[in-house]
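Engineer: Starting from these lines, generate the structure:
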Amino acid sequence: MERKGTGKLRVINDQKVFDYFINEEIGTKKEIAQKTNVSIMTTGTILNDFLLKGIIVENELIYVEKGRPTHQYKLNPDYYHECMMYVKKNDCCSIIYCLKNALGELIDSKKIKKKELVGEDIVNCLNKIIEEDKYLQYISLGLPAIISNNQVIESDIDSLKEILLMNDIKCIAYGYNQMHHQNVCFLTFPKDSGPGCSMILDNQLIDGNNGIAGEVAYLPLFDFLKKREFDNSLENIIQVVATTIVMYNPHLLILTGENIKEDDLEAIQKGDLNYVPIHFMPSLKYQENCEDYYFQGLESQIIQRIQL
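Structural biologist: Below is the predicted model:
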């Protein structure tokens with residue numbers, strides 16, 4: 001039977017129930033109604049509608065001491081698939097991605113190495129994934145580049161809803177925040193490029209007017225705009241760290257990238273005391289592998305944008 005009513009309240013209630021499945025993953029009609037503040041009768045109607053549309057599936061029956069058993073419901077794993085991909089450039093170039101279903105279960109993951117990488121390689125990789133996965137609706141792509149306003153790329157493929165672009169170090173910081181639920185500042189010193197940083201404050205990414213916030217390589221100290229290269233001497237690294245501290249005043253500053261190592265931390269901290277009073281110094285840490293944070297940041301950006 002077709003549902004009656006097309007007003008704003010119906011849309012709101014549908015989205016509330018859908019958001020429940022995105023956040024909680026599984027629940028009974030009663031649990032969903034209580035959590036969403038939607039009446040039990042309306043919740044039942046919405047669940048029946050979602051079942052017909054293939055948005056959710058019935059899970060196992062829950063047996064209780066009194067009364068009839070009740071069904072649990074969860075998202076249909078194939079209601080949508082999502083792809084999180086990032087591009088990394090060091091000694092060689094890599095395209096790294098993983099595919100997950102609507103329940104966050106891993107479908108596939110792959111690392112493609114190339115001696116050199118051009119934009120067409122990324123497009124070809126994306127096209128292959130899209131052709132092979134008919135349920136794919138969302139792609140988030142992390143790039144070592146300045147990204148403005150999480151730009152959405154238009155696609156002529158009907159099933160594909162969005163491709164989200166994110167700057168690499170900002171995505172890593174966002175993923176760290178999502179996993180550890182704390183403010184953090186990341187500062188990277190990558191190979192063959194200038195340093196960059198990202199700050200998460202009160203669960204919000206400080207991105208700036210057009211995405212250039214955190215591009216510390218452009219500080220007048222280093223003349224990066226003309227030279228297009230950065231001298232990763234210890235003194236330059238110390239000055240970048242000091243500048244980041246006074247700009248963002250972070251509680252936790254995590255250093256990463258190919259041009260820095262854990263053994264440098266002591267010298268960096270000592271050097272920064274020449275520029276920053278000790279009581280303003282943050283907790284300074286080193287993180288070699290940021291892949292888990294990268295994928296978490298990419299996936300979190302998709303989840304925030306999923307709508308019915």
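
Engineer: Which elements pack onto the helix or strand containing Met166?
Structural biologist: Per DSSP states H and E: Met166 is located in strand 162-167. Applying 3 or more Cβ pairs under 8 Å, 6 or more residues apart in numbering; DSSP states H and E, we find strand 162-167 packed against strand 136-143, helix 291-305. No exception for glycine: its C-beta is placed from N, CA and C like everyone else's.

Engineer: tilt between the longest one and strand 136-143?
Structural biologist: Per axes from the mean of the first three to the mean of the last three Cα atoms, to 10 degrees, the angle that helix 291-305 makes with strand 136-143 is 130 degrees.

Engineer: Contacts for helix 291-305 next, please.
Structural biologist: With contacts defined as Cβ atoms under 8 Å, 6 or more residues apart in numbering, helix 291-305 is touched by 22, 82, 84-86, 96, 98, 100, 104, 138, 140-142, 150, 162, 164, 166, 168, 170-176, 178-179, 287.

Engineer: what comes up buried for stretch 196-203?
Structural biologist: Under the neighbour-count criterion of 16 or more other Cβ atoms under 10 Å, stretch 196-203 has 196-200 buried.

Engineer: what's next to that stretch, contact-wise?
Structural biologist: 167-170, 172-174, 176-177, 181, 183-188, 190, 205-206, 213-217, 244, 248, 250.

Engineer: On the C-terminal side of the helix or strand where Leu51 lies, identify the next helix or strand.
Structural biologist: For Leu51, the host element (DSSP H and E) is helix 40-53. Next along the chain after helix 40-53, taking DSSP H and E as the criterion, comes strand 56-62.

Engineer: Identify all contacting residues around that next one.
Structural biologist: For strand 56-62, using Cβ under 8 Å, 6+ apart, the contacting residues are 21, 26, 28, 47, 50-51, 69-77, 79.

Engineer: again, only this time at 10 Å
Structural biologist: For strand 56-62, contacts defined as Cβ atoms under 10 Å, 6 or more residues apart in numbering pick out 17-18, 21, 25-28, 30-31, 46-51, 68-79, 102.

Engineer: quick one: least confident of the buried residues of stretch 196-203?
Structural biologist: Ranked by pLDDT, these bottom out at Gly196, which scores 90.

Engineer: so who does the residue lying closest to that residue once chain neighbours are set aside touch?
Structural biologist: Spatial nearest neighbour of Gly196, chain neighbours left out: Ile169 (5.0 Å); criterion: Cβ to Cβ, 6 or more residues apart in numbering. Contacts here follow Cβ under 10 Å, 6+ apart; on that basis Ile169 touches 142, 144, 186-188, 190, 195-198, 214-215, 256-257, 290, 294, 297.

Engineer: How about the helix or strand where Ile169 lies, which residues are buried there?
Structural biologist: Assigned by DSSP H and E, Ile169 belongs to helix 168-180. Applying a neighbour-count criterion of 16+ other Cβ under 10 Å, one finds 168-178 buried in helix 168-180.

Engineer: I'd like the residues you listed as TSV, with distance to Ser109 appended.
Structural biologist: Below are the buried residues of helix 168-180 laid out as TSV (distance: Cβ to Cβ, whole Å):
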residue	distance to Ser109
Asp168	18
Ile169	22
Lys170	22
Cys171	17
Ile172	18
Ala173	22
Tyr174	20
Gly175	16
Tyr176	20
Asn177	23
Gln178	19
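
Engineer: From the chain's centroid, how far away is stretch 296-304?
Structural biologist: Relative to its chain's centre, stretch 296-304 lies at 4 Å (Cα atoms, centre = their mean, to the nearest Å).

Engineer: same deal with stretch 267-278?
Structural biologist: On the basis of Cα atoms, centre = their mean, stretch 267-278 sits 32 Å off its chain's mean C-alpha point.

Engineer: Kindly check the end-to-end length of that stretch for me.
Structural biologist: 14 Å (Cα to Cα, to the nearest Å).

Engineer: What residues of that stretch count as buried?
Structural biologist: Buried residues in stretch 267-278, counted by 16+ other Cβ under 10 Å: 268-269, 271-272, 276.

Engineer: same deal with stretch 88-104?
Structural biologist: Buried residues in stretch 88-104 (16+ other Cβ under 10 Å): 88-89, 93, 95-102.

Engineer: By pLDDT, give me the weakest of those.
Structural biologist: When the buried residues of stretch 88-104 are compared, Lys89 shows the smallest pLDDT, 77.

Engineer: The closest residue to that one other than its chain neighbours: neighbour count?
Structural biologist: Nearest non-adjacent residue to Lys89, counting by Cβ to Cβ, 6+ apart: Pro144, 6.1 Å away. Per other Cβ atoms under 10 Å, the neighbour tally for Pro144 reads 16.

Engineer: list the contacts for Pro144?
Structural biologist: 86-89, 167-169, 188, 190, 192-193, 196.

Engineer: ok, those residues vs Gly119, which is closest?
Structural biologist: Gly119 lies nearest to Val87 out of the contacts of Pro144, by Cβ to Cβ, at 9.8 Å.
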